[in-house]
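# this one's structure only:
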């Protein structure tokens with residue numbers, strides 16, 4: 001940890017390197033969830049079976065597995081190729097992610113707004129083309145879909 005660097009600054013620096021590690025090698029990823037234990041979404045279709053600890057990236061054989069199949073250092077200028085990253089991805093089993101889509105459009109649920117944001121009254125969904133909310137559990141996404149369909153939205157889970 002750099003002198004006078006807080007834990008939040010360290011995690012932010014590490015996650016920037018994590019993003020750069022993939023993006024500079026041509027992978028489309030985004031980080032979601034807890035910044036200290038981020039989930040890595042690949043191509044908006046799956047969550048990679050991997051985790052970060054300090055400035056190391058560990059790919060695991062399957063979701064929630066402790067069996068590490070490949071490890072990379074998250075350096076400022078990593079000496080890794082896109083082929084090496086793809087090989088690590090191919091060695092692992094990954095979980096699908098689910099998104100809620102407005103039927104007959106290319107709009108996805110991205111979040112919620114409120115009629116009164118101070119007390120959380122009047123929640124309503126927001127749809128956009130980019131950065132959809134992702135769900136790791138199909139049943140949860142389907143329950144959400146049912147609730148929103150009851151409010152008059154025509155949605156589907158993809």
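Arrived safely, thanks for sending. Since the structure is predicted, the reported quantities are computational estimates derived from the model, not experimental observations. Numbers count the residues shown, from 1 in each chain.
# residue boundaries of the helices in this structure?
7-23, 82-90, 138-150 (DSSP state H).
# The second one - contacts with which helices or strands?
The one in question is helix 82-90. strand 68-73 (3 or more Cβ pairs under 8 Å, 6 or more residues apart in numbering; DSSP states H and E). Heads up, the C-betas are built off the backbone N, CA and C, glycines and all.
# In its sheet, which strands sit next to the strand it packs on, and in what direction?
strand 56-60 (antiparallel) (DSSP bridges).
# Now do the strand it pairs with against helix 82-90, angle only.
Here the directions of strand 56-60 and helix 82-90 differ by 50 degrees (axes from the mean of the first three to the mean of the last three Cα atoms, to 10 degrees).
# now what about strand 56-60, what contacts it?
Strand 56-60 is contacted from outside by 18, 21, 48-52, 66-74, 88-89, 91-92, using Cβ atoms under 8 Å, 6 or more residues apart in numbering.
# Tell me the pLDDT of residue 2.
Reported pLDDT at residue 2 in the predicted model: 55.
# returning to that earlier point: ChimeraX command for the buried members of the contacts of strand 56-60?
Buried members of those, defined by 16 or more other Cβ atoms under 10 Å, are picked up in ChimeraX with:
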select :18,21,48,49,50,51,52,69,70,72,74,88,89,92
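# Walk me through the domains of this protein.
When the chain is parsed with automatic domain parsing, its domains come out as 7-96, 100-157.
# Tabulate the ones you listed (TSV), appending mean pLDDT.
Listed next are these as TSV, based on pLDDT from 0 to 100:
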stretch	mean pLDDT
domain 7-96	94
domain 100-157	91
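# So which of the helices of the chain is nearest residue 107?
Nearest to residue 107 among the helices of the chain is helix 138-150 (12.8 Å), distances taken as Cβ to Cβ.
# elements contacting that closest one?
Here helix 138-150 touches strand 100-102, strand 155-157, going by 3+ Cβ pairs under 8 Å, 6+ apart.
# Please tabulate these in TSV, including the columns distance to residue 84.
Below are the helices and strands packed on helix 138-150 laid out as TSV (distance: least, Cβ to Cβ, whole Å):
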stretch	distance to residue 84
strand 100-102	34
strand 155-157	34
